[in-house]
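Visitor: Following is a predicted model, sequence given first.
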Amino acid sequence: MEGWSEGRHFLLDARYADGDYGRFPELLGELLGWRPGAITVGTIAGAKAAQAATRTVPIVMLGLNDPVRTGLVASLASPGGNVTGLATQNEDLQVKLFGLMREALPRARSIAAILNPENPSNPSMLSAVSRAAEAAGLSLDAFEIPNPSAVEGAVRAMADRRPDVVFVLPDVALAGLLGRIVLAATAMGAPTIGTFLELPEMGGLLAYGFLRRNTVRRAASYLKRLAGGARAADLPVEQPTAFRLTVSVRAAAALGLVIPPSLLARADEIVE
C-alpha cells in the first residue's frame with residue numbers, strides 16, 4: 001500500500017487452500033484468532049466462508065465475479081454488510097468474448113466450455129455463452145473441472161468431442177490450470193480463449209479482460225480507508241473500467257490459423 005510499509009504500518013498473514021475449499025473454515029479460524037483488522041479474499045467461496053465466520057471484521061474482495069448475484073453484497077453502490085472491494089464484470093464480458101471468438105474463428109462450429117462448478121458465478125456465465133452459441137447455430141459442450149485432479153478426465157472427454165475452440169470461463173482455480181488446459185487443447189488442434197490476459201503468452205489464442213494487478217492495487221485503498229475508520233457497508237464496490245484485448249499470432253500460426261487484420265488492429269497487445 002502506497003505510503004505504508006509491511007512491519008511498520010501493517011502485518012500480512014496469508015493462507016492458501018490449494019484448491020481445497022473445505023479448508024476455508026479452518027484457515028479462517030486461524031486468521032480470526034489473530035484479531036485482524038480486515039480479511040482479503042480472492043474467491044467467492046473464500047468470501048462466503050469469511051462471511052459465515054464473521055459479520056464484524058471487514059472483508060475486502062480482490063476482484064470477484066458478480067458479488068450481487070452470488071449474495072456477497074446487497075448492491076454495488078451500497079454493499080450493506082461487512083464485504084466490499086473489487087468486482088470483475090466478468091459476467092458481462094463473456095458475450096463480448098464470444099463475439100471476438102466468432103470474429104477470429106468464423107469457421108468454428110463446436111465449442112468446449114470449461115468451468116468450475118464450485119464457483120457460483122460460472123453456471124450463469126455458461127448459460128449466457130450457451131444462449132449466444134445457440135443463436136449463432138453453434139454447438140456447445142460443458143466440461144467441469146472442480147479441482148486439479150479433474151483435469152485429465154475433462155481433457156479426455158473433451159478430446160472425444162473434438163471441439164473447434166476451447167472457451168475457459170473465469171475462475172481463480174482454473175487460472176492455475178491454464179497451462180495444462182492450453183497444452184491439451186493445442187494437442188487436439190483447438191485454440192483456447194478466455195478472460196485471463198496471461199492466456200496468449202501461455203499458448204492460448206486470445207484473451208479479453210482487465211488487468212488483475214490494477215484490481216489488487218485498488219484493494220489496498222480499501223484497506224487504508226478501513227484502517228482509518230470507514231465501514232465496509234459504506235464503501236461502494238468498484239468495477240474495472242479498462243479492458244484489454246490480447247491476441248497471439250504465434251498460437252494462430254501453430255494451429256494453422258490466420259487472425260483477421262481487423263481484429264489485430266484493435267488488439268492492445270499482440271504476442272508474436
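Guide: Nice, thanks for sending it over.

Visitor: Wait, Arg225 touches Pro236, no?
Guide: No - with contacts counted by CB atoms under 8 Å, Arg225 stays clear of Pro236, the gap being 11.4 Å. All C-beta atoms are positioned from the backbone trio N, CA, C, and that covers glycine.

Visitor: between these two, who's got more neighbours?
Guide: Using other CB atoms under 10 Å, the more surrounded residue of Arg225 and Pro236 is Arg225, with 17 against 12.

Visitor: quick one, what contacts that one?
Guide: By CB atoms under 8 Å, 6 or more residues apart in numbering, Arg225 lies in contact with Leu235.

Visitor: low-scoring stretches of this protein, by residue?
Guide: 1-9 (pLDDT under 70).

Visitor: Kindly check the end-to-end length of stretch 37-55 for me.
Guide: Criterion CA to CA, to the nearest Å; first-to-last residue distance in stretch 37-55 is 13 Å.

Visitor: cool, stretch 137-148 as well?
Guide: Termini of stretch 137-148 sit 32 Å apart (CA to CA).

Visitor: Which stretches in the stretch 1-150 of the chain count as helices?
Guide: All helices of the stretch 1-150 of the chain, identified by DSSP state H, counting those that start in this stretch, fall at 24-32, 44-53, 90-104, 122-135.

Visitor: Can you spell out which residues form a bridge with the closest residue to Thr195 other than its chain neighbours?
Guide: Ranked by CB to CB, 6 or more residues apart in numbering and with sequence neighbours excluded, the top spatial neighbour of Thr195 is Gly209, at 3.6 Å. Judged by DSSP bridges, the bridge partners of Gly209 are Arg244.

Visitor: likewise Gly194?
Guide: Per DSSP bridges, the residues bridged to Gly194 are Val168, Ala207.

Visitor: mind listing what it touches?
Guide: With the criterion set at CB under 8 Å, 6+ apart, Gly194 makes contact with 97, 167-170, 178, 204, 207, 209.

Visitor: and which of those is nearest Arg109?
Guide: Phe167 (13.3 Å; CB to CB).

Visitor: In contact with that closest one, which residues are there?
Guide: Phe167 neighbours (CB under 8 Å, 6+ apart): 97-98, 101, 111-114, 129, 193-194.

Visitor: Please apply the same query to Ala185.
Guide: 112, 158, 166, 191-192.

Visitor: give me the element it is part of.
Guide: Following DSSP states H and E, the helix or strand that holds Ala185 is helix 178-187.

Visitor: How far off centre is that helix?
Guide: 18 Å (CA atoms, centre = their mean, to the nearest Å).

Visitor: Go through it and flag the buried ones.
Guide: 178, 180-182, 184-186 (16 or more other CB atoms under 10 Å).

Visitor: same thing with stretch 187-196?
Guide: In stretch 187-196, counting by 16+ other CB under 10 Å, buried: 190-196.

Visitor: just those now: which is nearest Pro148?
Guide: For the buried residues of stretch 187-196, the nearest to Pro148 is Phe196 (16.4 Å; CB to CB).

Visitor: Can you tell me how far the closest one is from Pro106?
Guide: 23 Å (CB to CB, to the nearest Å).

Visitor: Repeat that for Gly46.
Guide: Applying CB to CB to Gly46 and Pro106 gives a distance of 40 Å.

Visitor: same thing with Glu152?
Guide: Glu152 sits 32 Å away from Pro106 when distances are taken as CB to CB.

Visitor: No more questions from me, cheers.
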